[in-house]
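Enquirer: This is a predicted model, with the sequence first.
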Amino acid sequence: MKMTVSIGVGIGDAVDAEKAVQAAVEQARAQLGGAPVQAAYITATVDYEAARVHTAFREALAGVPLHGVTTSLGVLTAAGVRNEGHGALAVMLVGGAPGTAFVASSTEADGRRAGEAAARALVRKAGGKPPRMILFNASPGMEEAMLEGIASVCPDVPCQGGSAADHAIAGQWSVFTHEGPVPAGVSLLGLFGEMRVGTALSTPYSPTGVAARATGAEGRTLLTLDGQPAAQVLGRWLEGAIDDQVRSGGNILAQTALRPIAVRRGVSRRDHYVTVHPAHVHADRGSVDVFARIEPQDEVCLMTGTAEGLVNDVAHLIDMALAQGGLNSREVKGAALIFCAGCAGALGPRVDEGLRTFSRLLPGVPLLGLCTFGEQGYIPGLGNVHQDLSLSLTLFADPRP
């Protein structure tokens, strides 16, 4: 007999972290139908102290491996964003036979080595078997290198996830490893066995046709486009929206949330645009800090989107994940949603409208939702990519009968 998978999700928003964790764990356990818990995916806003949250989950889920990251804004549910202002937290419990899920992490300073170390530990725990897929969560900054490290150990294994976040890009975020919360690192939750998954990574923007070549770039700093200071080129593209910052420097996240840039990548029959969120202008150098890596000679395109498009993209995301996994909506046992904090910020209260799509298209399906500072997903032909201003979704279902 094939072992079924059980997913339970619980949310807590009591002022007291321990009470919030207790409520979340009780709700999630009640949905498991008695299945033994193999792993827990946890998240919390930074209103709570991360160490207290972690300790409370360890006590409430004795012996269960923990994995996750902090979320911006609140916890995302099928009814909308949950956060009354004093914080919210959530847990997704993965229930099933022993060997269904394992967790591993690394705090190596080198991104590629961290990805390799965590992936090796995951495979070792599973007795040498590669996972069916990986839920990937990391601190912002080295996600591309971490994904490369994972791919060197687990080639062609899809990674879906999001980067740790806080409310104000203040570096208050944490990655929840099983051992405890860390400010910098990577945690992996590997799914094994015959469980079926459907995944999708969606970019709710269209290319404008305006593009330039990255002639100078260092990691996540864009120096020049077509030989000119990147800030000046972007300023022209945005038709005055960031003139003050081009002159004096400053944050441009809000001005670029609906008009980001992207790196065009050719994939078989169509292009994939790796969306990149411009974050900060340095007036003295004319450079622009961004939230994803741009390589010299990449083609950088100006993209455009609308609040309406972002709201409607949730339905598109669900359809893509169902199709990718060969699933119908009735087979879905649980869902993990990663929603870019920049997209959520651009939507404001309308983010709830987008989230309610889940109750319409996947009624009653337990949903864990996070707002992140970077999103990861698997693109056929490209492999696992890290990008910004995106939505990433994983749907879980039983093995085929």
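Expert: Looks like it arrived, so ask away. Numbers count the residues shown, from 1 in each chain.

Enquirer: Would you check how far apart the residue nearest the centre of the chain and Asp47 are?
Expert: Nearest residue to the geometric centre of the chain (CA atoms, centre = their mean): Gly162, 1.8 Å. Noted for Gly162: a distance of 19 Å to Asp47, by CB to CB, to the nearest Å. C-beta coordinates here come from the backbone N, C-alpha and C atoms, glycine included.

Enquirer: Ok, Val81 next?
Expert: Distance, Val81 to Asp47, using CB to CB: 14 Å.

Enquirer: The residue nearest to the centre of the chain bridge partners, please.
Expert: Counting by DSSP bridges, Gly162 forms beta bridges with Asn137, Glu375.

Enquirer: List of residues touching the longest strand belonging to the chain?
Expert: In the chain, ranked by residue count with DSSP state E as the criterion, the top strand is strand 206-218. Outside strand 206-218, the residues that touch it by CB atoms under 8 Å, 6 or more residues apart in numbering are 222-227, 230, 233, 237, 262-264, 273, 294-305.

Enquirer: Could you do stretch 259-276 as well?
Expert: Outside of stretch 259-276, the residues within contact range by CB under 8 Å, 6+ apart are 203, 205, 207, 211, 214, 234, 237-238, 241, 277-278, 290-292, 294-295, 298-305, 379-382, 385, 387-390.

Enquirer: which of those count as buried?
Expert: 203, 205, 211, 214, 234, 237-238, 277-278, 290-292, 294, 298, 300-303, 305, 379, 385, 387-390 (16 or more other CB atoms under 10 Å).

Enquirer: Okay, now the unreliable bits of the stretch 1-150 of the chain?
Expert: When residues are selected by pLDDT under 70, those of the stretch 1-150 of the chain lie in 1-2.

Enquirer: Which parts of it are strands?
Expert: Using DSSP state E, counting those that start in this stretch, the strands of the stretch 1-150 of the chain run over 6-12, 37-44, 66-70, 75-77, 80-82, 89-95, 101-106, 133-138.

Enquirer: Leaving out the residues flanking it, which one is nearest to Glu143?
Expert: Taking CB to CB, 6 or more residues apart in numbering, and ignoring the residues beside it in sequence, Glu143 has His386 as its nearest neighbour in space, at 3.9 Å.

Enquirer: which neighbours does whichever helix or strand His280 is part of have in its sheet, and in what orientation?
Expert: Of the helices and strands defined by DSSP states H and E, His280 is found in strand 278-282. Strands flanking strand 278-282 in the sheet, each with its direction: strand 250-251 (antiparallel), strand 287-290 (antiparallel) (DSSP bridges).

Enquirer: Please name every helix or strand in contact with the longest helix anywhere in the chain.
Expert: Looking only at the chain and at elements set by DSSP state H, the helix with the highest residue count is helix 307-325. The criterion is 3 or more CB pairs under 8 Å, 6 or more residues apart in numbering; DSSP states H and E, and the helices and strands that helix 307-325 contacts are strand 196-202, helix 341-347, helix 351-355, helix 357-361, strand 391-397.

Enquirer: Find the one among the ones you listed with the highest mean neighbour count.
Expert: Among the helices and strands packed on helix 307-325, judged by mean count of other CB atoms under 10 Å, the one packed with the most neighbours on average is strand 391-397 (a mean of 26).

Enquirer: and it, what does it pack onto?
Expert: strand 159-163, strand 196-202, helix 307-325, strand 332-340, strand 375-379.

Enquirer: what does the third one contact?
Expert: Read it as helix 307-325. 196-200, 202, 204-205, 258, 327-329, 332, 343, 346-347, 350, 353-355, 357-358, 361-362, 391, 393-395, 397.

Enquirer: if we go to 6 Å?
Expert: The set of residues external to helix 307-325 that reach it, using CB atoms under 6 Å, 6 or more residues apart in numbering, is 196-200, 202, 204, 343, 347, 350, 353-354, 357, 361, 391, 393, 395.

Enquirer: tilt between it and strand 375-379?
Expert: For helix 307-325 and strand 375-379, the angle between their directions (axes from the mean of the first three to the mean of the last three CA atoms, to 10 degrees) works out to 50 degrees.

Enquirer: next one: helix 307-325 to chain centre, how far?
Expert: Computed by CA atoms, centre = their mean, to the nearest Å, the separation of helix 307-325 from the middle of its chain amounts to 15 Å.

Enquirer: wait, Leu327 sits on Gly198?
Expert: Yes - counting by CB atoms under 6 Å, a contact exists between Leu327 and Gly198, whose distance comes to 4.9 Å.

Enquirer: count of residues packed around Gln27?
Expert: Other residues lying near Gln27 total 18 when counted by other CB atoms under 10 Å.

Enquirer: So what sits opposite His67 in the bridge?
Expert: Tyr41.

Enquirer: could we number from 8 for the rest of this?
Expert: In the new count, where the first residue is 8, that last one comes out as His74.

Enquirer: Secondary structure element for Ala175, which one?
Expert: For Ala175, no secondary-structure element claims it when assigned by DSSP H and E, so it is in no helix or strand.

Enquirer: Please name the residues that touch it.
Expert: Residues in contact with Ala175, defined by CB under 6 Å, 6+ apart, are absent; none qualify.

Enquirer: can you give me phi and psi for it?
Expert: Reported as degrees, to the nearest 10, the phi and psi values for Ala175 are phi -150, psi 20.

Enquirer: Just give me the neighbour total for Met327.
Expert: A total of 18 residues lie near Met327 under the criterion other CB under 10 Å.
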